[in-house]
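Colleague: Show me the folded form of this:
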Amino acid sequence: SFYWVALTLPVYFFQSINLLDFFVIMNEAEMKIDSITETKDDSQKKKAGQPSASSESAAKYPKMDLAQRIHKLQMTSKGKLDDLKKTKSEDVRREILDELENPSLYRALSIPFGWDSVESLTEMENKHKEAMKVFEEKVKEAKENAGDMEVLDARLEAARFAAKSLSKEVALDMYEKVLDLPKLSTGKKIDALMECARVASFHNDLKKNTELIERASKLAQDGGDWDRRNRIKVYSALSKLLSRDIKEASSLLVDGIATFSCNELCSYTDFLVYTVISSILHLPRPELKTKIIDGPEILSVNKEIPQVISLVNALHNCDYEAYLHAMVEVHDVLIADRFLEPHSGYFMRELHVLGYKQFLDSYKSVTLDSMASSFGVSISFLDNQLSRFIAAGRLTAKIDKYGGVVETNRPDLKNAQYRDMIQKGDLLLNRIQKLARVVDI
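Modeller: Prediction:
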């Protein structure tokens, strides 16, 4: 009788309840379980010492927007940008002293910015030394009385304090101690490397920044999750931008448009500026149209970045006079940004070459007067620029100065490949002959 009840009870249950109602009840139960799990996950993420792949809970320091403001002040002091209000320099000064309490950073900037010496810097340094001793005591206590997670929390707390208030060398050393911890998961290693890379980037240490990002990229390829891979792409793109690998940077930046989540590294608006400027130089016209000009993410911030939008639109519309005017405005954007300024001369030169090349590709020959009129410049200016680019092999054209004509000389791709194959073949035969003589000897 027991087995009969066990078999017939489910039948009576399903007869008494609507099947649709049953699935609704089960769905609500699953949602409650998910909400409980998410609450637990969120509480774990909010722990102060835990690195996170989420930009919302990433380390607050170093502040990359402060690095941008420092760069703008440096460009202003060198006369490359228009004078900013003195209160902005004072704001940076007060932030370093009051919020960061960073004596080494203050001393490094005090001479170029003409800041007065502050007596409290020595007192700050002594206080920071005591704080570091406390952090080391926490690490020691965690090793003796707690587990690996507590040791990681203590180490990260010390590293983040160093990134905020101590020198670059101390901060990098503290993060290396985090990375040296045993049983550290791949995800947490990637997060710690990205935070460490921000320290190097903040202090303009390109070599160290590149090294750290390469380590993080390798880990992400081997075992990183989807979110960390997307974030490391942004870090890699900006590193490539600084090292002038613009083509690779452009590819990574375009890939990251829809998945950007690195607000701790740069704002989304700045990220799109980097994307547009690098893409102009390397994306074909059809892709430039679909991915940049008509891209919904970029259209959403058109009003915030009018200079670069005007540049790319003018080039695509073949409005060359507007293109040169936009270049003048973009030059100030390049100078004001710490990632673009080191290569501002390169960008301006390449933009000139791109505009002239696109114009000349439409003609077999064109008069200097007509071309100068299209670009809105004088004939002498255009003649000087074209001569320089032709001599450097950047433009395949020649100038008939007597006739005032520019004649294009489009290279034949098949013939060029044939000549290249012949040259490489001759080189290979010479090497084989040399090797044969050595063997005979």
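
Colleague: Mind giving me the packing neighbours of the helix or strand harbouring Leu315?
Modeller: If you go by DSSP states H and E, Leu315 is part of helix 306-316. If you count contacts as 3 or more C-beta pairs under 8 Å, 6 or more residues apart in numbering; DSSP states H and E, helix 306-316 packs onto helix 268-282, helix 320-336, helix 344-360. The way it works is simple: take the backbone N, C-alpha and C, and place the C-beta from them, glycine included.

Colleague: okay, and for the stretch 301-441 of the chain, where does confidence drop off?
Modeller: Within the stretch 301-441 of the chain, the set of residues satisfying pLDDT under 70 comprises 411-413, 441.

Colleague: which residues touch the helix holding Leu315?
Modeller: Helix 306-316 is contacted by residues 273, 276-277, 279-280, 285, 288-289, 292-293, 298, 302, 320, 322-323, 325-327, 329-330, 332-333, 351, 354-355, 358 when judged by C-beta atoms under 8 Å, 6 or more residues apart in numbering.

Colleague: now swap in stretch 70-85 and tell me
Modeller: Residues outside stretch 70-85 that contact it (C-beta under 8 Å, 6+ apart) are Lys88, Ser89, Val92, Leu109, Pro112, Phe113, Asp332, Ile335, Ala336, Asp337, Arg338, Glu341.

Colleague: Val405: which of those residues is nearest?
Modeller: Taking C-beta to C-beta as the measure, Asp332 is the one of these closest to Val405, at 35.4 Å.

Colleague: Now tabulate the helices and strands packed on helix 306-316 in CSV and tack on mean neighbour count.
Modeller: Below are those laid out as CSV (neighbours: other C-beta atoms under 10 Å):
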stretch, mean neighbour count
helix 268-282, 22
helix 320-336, 18
helix 344-360, 17
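
Colleague: Now tabulate these in a markdown table and tack on distance to Ile213.
Modeller: Written out in a markdown table, the entries for those read as follows (distance: least, C-beta to C-beta, whole Å):
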| stretch | distance to Ile213 |
| --- | --- |
| helix 268-282 | 16 |
| helix 320-336 | 23 |
| helix 344-360 | 21 |
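
Colleague: pLDDT score assigned to the residue most central in space within the chain?
Modeller: What sits nearest the mean C-alpha location of the chain, by C-alpha atoms, centre = their mean, is Leu238, with 2.7 Å. The confidence metric pLDDT takes the value 96 at Leu238.

Colleague: was I right about it contacting Phe339?
Modeller: Yes - checked against C-beta atoms under 8 Å, the pair Leu238 and Phe339 is within contact range at 5.8 Å.

Colleague: which residues do these two both contact?
Modeller: Overlap between the contact sets of Leu238 and Phe339, as judged by C-beta under 8 Å, 6+ apart, is given by Cys266, Tyr274.

Colleague: isn't there a strand covering Ile399?
Modeller: Yes - using DSSP: H, G, I helix; E, B strand; the rest coil, the assignment for Ile399 is a strand.

Colleague: which ones are touching it?
Modeller: Taking C-beta under 8 Å, 6+ apart, we find Ile399 in contact with Leu368, Asp383, Leu386, Ser387, Ile390, Val405, Val406, Glu407.

Colleague: what residues are up against the residue nearest to Thr275 when sequence neighbours are not counted?
Modeller: Residue nearest to Thr275 in three dimensions, not counting chain neighbours: Leu253, with 4.1 Å by C-beta to C-beta, 6 or more residues apart in numbering. Leu253 sits next to Val234, Ala237, Phe271, Tyr274, Thr275, Ser278, Ser279 when contact means C-beta under 8 Å, 6+ apart.

Colleague: Pull up the gap between Arg69 and Ala391, please.
Modeller: Using C-beta to C-beta, to the nearest Å, Arg69 is found at 41 Å from Ala391.

Colleague: who's more crowded, these two?
Modeller: Neighbours of Arg69 and Ala391, each counted by other C-beta atoms under 10 Å, are more numerous for Arg69; the result is 18 against 9.

Colleague: Wait, that one touches Arg93, no?
Modeller: No - using C-beta under 8 Å, Arg69 and Arg93 do not qualify as a contacting pair, with a distance of 10.9 Å.

Colleague: So Asp222 is in contact with Lys189, correct?
Modeller: No - because the distance of 10.5 Å does not satisfy C-beta under 8 Å, Asp222 is recorded as not touching Lys189.

Colleague: Can you pick out the residue with more neighbours from these two?
Modeller: For the pair Asp222 and Lys189, the greater number of neighbours falls to Lys189 (20 against 8), based on other C-beta under 10 Å.

Colleague: Next up, the contacts around the more buried one.
Modeller: Counting by C-beta under 8 Å, 6+ apart, the residues that Lys189 touches are Leu179, Ala216, Leu219.

Colleague: Just give me the closest of those residues to Lys133.
Modeller: Distance from Lys133 was checked for each of the contacts of Lys189 by C-beta to C-beta. The minimum falls on Leu179, at 22.0 Å.

Colleague: mind listing what's buried in the helix holding Leu315?
Modeller: Applying a neighbour-count criterion of 16 or more other C-beta atoms under 10 Å, the buried positions in helix 306-316 are Gln307, Val308, Ile309, Ser310, Leu311, Val312, Asn313, Ala314, Leu315, His316.

Colleague: between the residues you listed, which is nearest Thr210?
Modeller: Nearest member of the buried residues of helix 306-316 to Thr210, counting by C-beta to C-beta, is Val308, at 25.7 Å.

Colleague: Does the nearest residue to Asp255 once chain neighbours are set aside lie in a helix or a strand, and which?
Modeller: With sequence-adjacent residues excluded and distances taken as C-beta to C-beta, 6+ apart, Asp255 is closest to Lys233, at 6.1 Å. Following DSSP H and E, the helix or strand that holds Lys233 is helix 226-242.

Colleague: That helix relative to helix 268-282, how many degrees between them?
Modeller: Between the direction of helix 226-242 and that of helix 268-282, the angle (axes from the mean of the first three to the mean of the last three C-alpha atoms, to 10 degrees) works out to 60 degrees.
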